[in-house]
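> Let me see the structure of the following:
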Amino acid sequence: GNSEWEVGVENASLSLQIDNDVKFTYRSACFQVTMKRHSEWYVWTLLVPTFIVSVIAIFGIFAPTNHYGARHEKTSLTLTTLFSAAVMLRTVSSTMPHATKIPVLGDFLFTEIVIISSAGLASMGIHRVHYYTLCKKWKPPRCLDKVLQYDRVQWSAKMLEERE
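Predicted coordinates for the structure are as follows:
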């Protein structure tokens with residue numbers, strides 16, 4: 001049998017039918033069948049690992065890697081995670097039957113790819129602004145202070161120190 005599906009017969013009936021047009025009598029059988037799909041394989045081999053990789057990637061992308069707050073190797077982490085999500089999407093597309101609509105699992109993986117891409121782009125943007133503030137002595141607008149974890153007092157003191 002197929003362990004992915006559980007098939008049960010709810011009701012079965014036999015009846016005698018008469019077709020008056022051609023004067024023909026026949027028996028008909030009517031079955032009410034229920035089918036339940038077991039999705040544990042998809043959950044444990046595709047959904048859970050992909051979710052874990054995504055959570056680790058998002059935390060890893062935005063976590064500072066040293067006590068100065070610098071973010072190193074975020075691009076490679078983003079690309080590696082996107083590659084693993086693409087492999088998972090390929091696995092889903094090869095194991096799922098083809099249909100006119102994208103399955104929910106495919107939607108989940110595609111959404112995950114979009115979220116990880118956005119997080120990677122945001123992290124690279126923050127890294128670039130950090131570079132300009134620390135190396136090029138550019139003072140960012142106040143609206144970016146929270147995002148950059150930027151301390152204006154410390155920046156001003158550092159600039160005064162370098163002038164002396």
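> and residue 21, helix, strand or coil?
coil (DSSP: H, G, I helix; E, B strand; the rest coil).
> Look up how far residue 85 lies from it.
Between residue 21 and residue 85 the distance, using C-beta to C-beta, to the nearest Å, works out to 61 Å. The C-beta positions use only the backbone N, C-alpha and C, and glycine is treated the same way.
> quick one: which of those two has more around it?
In this comparison of residue 21 against residue 85, neighbours counted by other C-beta atoms under 10 Å, the higher total goes to residue 85 at 22 against 5.
> From residue 78, how far out is the more buried one?
For residue 85, the distance to residue 78 - C-beta to C-beta - is 11 Å.
> shared neighbours of those two, anything?
Residues touching both residue 85 and residue 78 (C-beta atoms under 8 Å, 6 or more residues apart in numbering): residue 116.
> how about low-confidence regions in the protein?
Low-confidence segments of the chain, defined by pLDDT under 70: 1-2, 64-72, 147-160, 162-164.
> tell me, what residue is most central in it?
Nearest to the mean C-alpha position of the chain, by C-alpha atoms, centre = their mean, lies residue 112 at 2.1 Å.
> Next up, the contacts around the residue of the chain most remote from its centre.
Here the centre of the chain is the reference, and by C-alpha atoms, centre = their mean the most remote residue is residue 23, at 62.1 Å. The neighbourhood of residue 23, defined by C-beta under 8 Å, 6+ apart, contains no residues.
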